[in-house]
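*Asks:* Next come a sequence and a model predicted from it.
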Number of protein chains: 2
Amino acid sequence: MGIDPGLTRCGLSVVQAGKGRAVYPVAVGVVRTPSDMPVEQRLNKLFDAVEQWFDDYQPHVVALERVFERSNVSTVMNTAHASGVLMLAAARRGVDVHMYTPSEVKKSISGNGRADKAQMTRMITRILGLSEAPKPPDAADALALAVCHCWRAPLNHLVKGKL
Amino acid sequence: MGIDPGLTRCGLSVVQAGKGRAVYPVAVGVVRTPSDMPVEQRLNKLFDAVEQWFDDYQPHVVALERVFERSNVSTVMNTAHASGVLMLAAARRGVDVHMYTPSEVKKSISGNGRADKAQMTRMITRILGLSEAPKPPDAADALALAVCHCWRAPLNHLVKGKL
């Protein structure tokens, strides 16, 4: 499961890793919470939604975008609160969480750590053999995170000396 | 309930508001999670601990310190993740969360928005009539947040036009 965390829009995706670099799309969607609702209630809505995804798809692992400081402090904090709740949902089911920075995902998918949204959407549409581009961008980002993990996980194991 | 959010140390406190500015201490403590554990498991430990506090004390409202950007980005992010999980715990029980900045708490307790830790600890010890100063600082901060809310809540209502 790949998750692009957010409180206004949170991208969620599920893929199945195949042999080599084959990755198959299973599901993709976006959870929204209303911005005029108290933050704690928005977090509760997000938690309920991601619990439903865990129930429906029983993922083995979660790939989550790491939150960085950007221009808008209040957005960053809301995204960090959302990430906390998403990690909690995974931990409560014993599912490991792997964090990737946006540039790690871009580099893994497109070969370029500074690829723009249009390039990333084109690449992810092609990699997963989708008939049309996933929308909104949060959905495409969630798929990119999931594919990034499928491709990097074997290397992660090597680095940790597990192979 | 007053909460000074954190993943390494989270201060928790419960007070009872009396007449006027009277506030009585009920409980204070600190929850710690090991820094060598994956973040999602640390969040799970914190969530379990705060759930226990909710069970034990059935608070009517939560006063939580608002997370700001400080020097150490990784600490801020962990604190923001922890805040998300703490807010979720409150929302799941229908308990309102009120956020206060450190300077709002300092100003409310000591009259000075830049009071240092020693001043704040002295004031909170005196206000609550404690026989000794609460330790560590996270515990004192949690009590200060709870007292701050007791004193400011009537004003919050006025501002919102509820009185």
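*Replies:* Noted; the coordinates are in hand.

*Asks:* Show me where chain A dips below the pLDDT cut-off.
*Replies:* For chain A, the stretches flagged by pLDDT under 70 are A:69-73, A:156-163.

*Asks:* does chain B sit close to the lengthiest helix in it?
*Replies:* Criterion DSSP state H: the longest helix present in chain A is helix A:137-159. No: using CB under 8 Å from any CB of the partner chain, helix A:137-159 stays clear of chain B, with a minimum separation of 13.5 Å. For the C-beta atoms, the positions are set from N, CA and C on the backbone; glycine is no exception.

*Asks:* Now that helix: buried residues?
*Replies:* A:137-152 (16 or more other CB atoms under 10 Å in any protein chain shown).

*Asks:* Residues of chain A that sit close to chain B?
*Replies:* Residues of chain A lying near chain B (CB under 8 Å from any CB): A:38-41, A:43-44, A:47, A:67-69, A:73, A:76-77, A:80-85, A:87-88, A:90-92, A:96-97.

*Asks:* 6 Å instead, please
*Replies:* A:40-41, A:43-44, A:47, A:67, A:77, A:80-81, A:83-85, A:87-88, A:90-91, A:97 (CB under 6 Å from any CB of the partner chain).

*Asks:* gap between residue A:147 and chain B?
*Replies:* Residue A:147 sits 21 Å away from chain B, going by CB to the nearest CB, to the nearest Å.

*Asks:* Quick check, central residue of chain A?
*Replies:* Centroid-nearest residue in chain A: residue A:3, 2.2 Å away (criterion: CA atoms, centre = their mean).

*Asks:* Tell me who's in contact with the closest residue to it other than its chain neighbours.
*Replies:* Spatial nearest neighbour of residue A:3, chain neighbours left out: residue A:64 (4.9 Å); criterion: CB to CB, 6 or more residues apart in numbering or on different chains. Shown in contact with residue A:64 (CB atoms under 6 Å, 6 or more residues apart in numbering or on different chains): A:3, A:97, A:99.

*Asks:* in its sheet, what does the helix or strand containing residue A:64 sit against?
*Replies:* Remark: residue A:64 resides in strand A:61-65, with elements defined by DSSP states H and E. Applying DSSP bridges, strand A:61-65 is found paired with strand A:2-4 (parallel), strand A:96-100 (parallel).

*Asks:* For the residue nearest to the centre of chain A, which residues count as its bridge partners?
*Replies:* residue A:12, residue A:64.

*Asks:* Contacts only, for it.
*Replies:* Applying CB under 6 Å, 6+ apart to residue A:3 gives the contacts A:12, A:64, A:86, A:142.

*Asks:* cutoff 7 Å now
*Replies:* Residue A:3 is in contact with A:10, A:11, A:12, A:62, A:64, A:86, A:142, A:145, counting by CB atoms under 7 Å, 6 or more residues apart in numbering or on different chains.

*Asks:* Just give the number of residues close to the fourth one.
*Replies:* By the other CB atoms under 10 Å in any protein chain shown criterion, the neighbourhood of residue A:62 contains 26 residues.

*Asks:* what about the closest residue to residue A:18 other than its chain neighbours, which SS state?
*Replies:* Nearest residue to residue A:18, sequence neighbours excluded (CB to CB, 6+ apart): residue A:24, at 6.0 Å. Of the three states, residue A:24 takes strand according to DSSP: H, G, I helix; E, B strand; the rest coil.

*Asks:* Then residue A:134?
*Replies:* coil.

*Asks:* Excluding covalently adjacent residues, which one is nearest to it?
*Replies:* Per CB to CB, 6+ apart, closest to residue A:134 is residue A:140, 4.5 Å.

*Asks:* follow-up on the earlier one: turn the contacts of residue A:3 into JSON lines, including distance to residue B:130.
*Replies:* Below are the contacts of residue A:3 laid out as JSON lines (distance: CB to CB, whole Å):
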{"residue": "A:10", "distance to residue B:130": "43"}
{"residue": "A:11", "distance to residue B:130": "48"}
{"residue": "A:12", "distance to residue B:130": "47"}
{"residue": "A:62", "distance to residue B:130": "44"}
{"residue": "A:64", "distance to residue B:130": "42"}
{"residue": "A:86", "distance to residue B:130": "39"}
{"residue": "A:142", "distance to residue B:130": "49"}
{"residue": "A:145", "distance to residue B:130": "49"}
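
*Asks:* Which of the residues you listed sits closest to residue B:115?
*Replies:* Of all the contacts of residue A:3, residue B:115 sits closest to residue A:86, with 36.2 Å by CB to CB.

*Asks:* need the contact list for the closest one.
*Replies:* A:3, A:5, A:50, A:64.

*Asks:* So which elements touch the longest helix of chain A?
*Replies:* strand A:2-4, strand A:9-17, strand A:23-32, strand A:61-65, strand A:96-100, helix A:102-110, helix A:117-127 (3 or more CB pairs under 7 Å, 6 or more residues apart in numbering or on different chains; DSSP states H and E).

*Asks:* which one of the ones you listed is the most hemmed in?
*Replies:* Among the helices and strands packed on helix A:137-159, strand A:2-4 has the highest mean neighbour count (mean count of other CB atoms under 10 Å in any protein chain shown), at a mean of 28.
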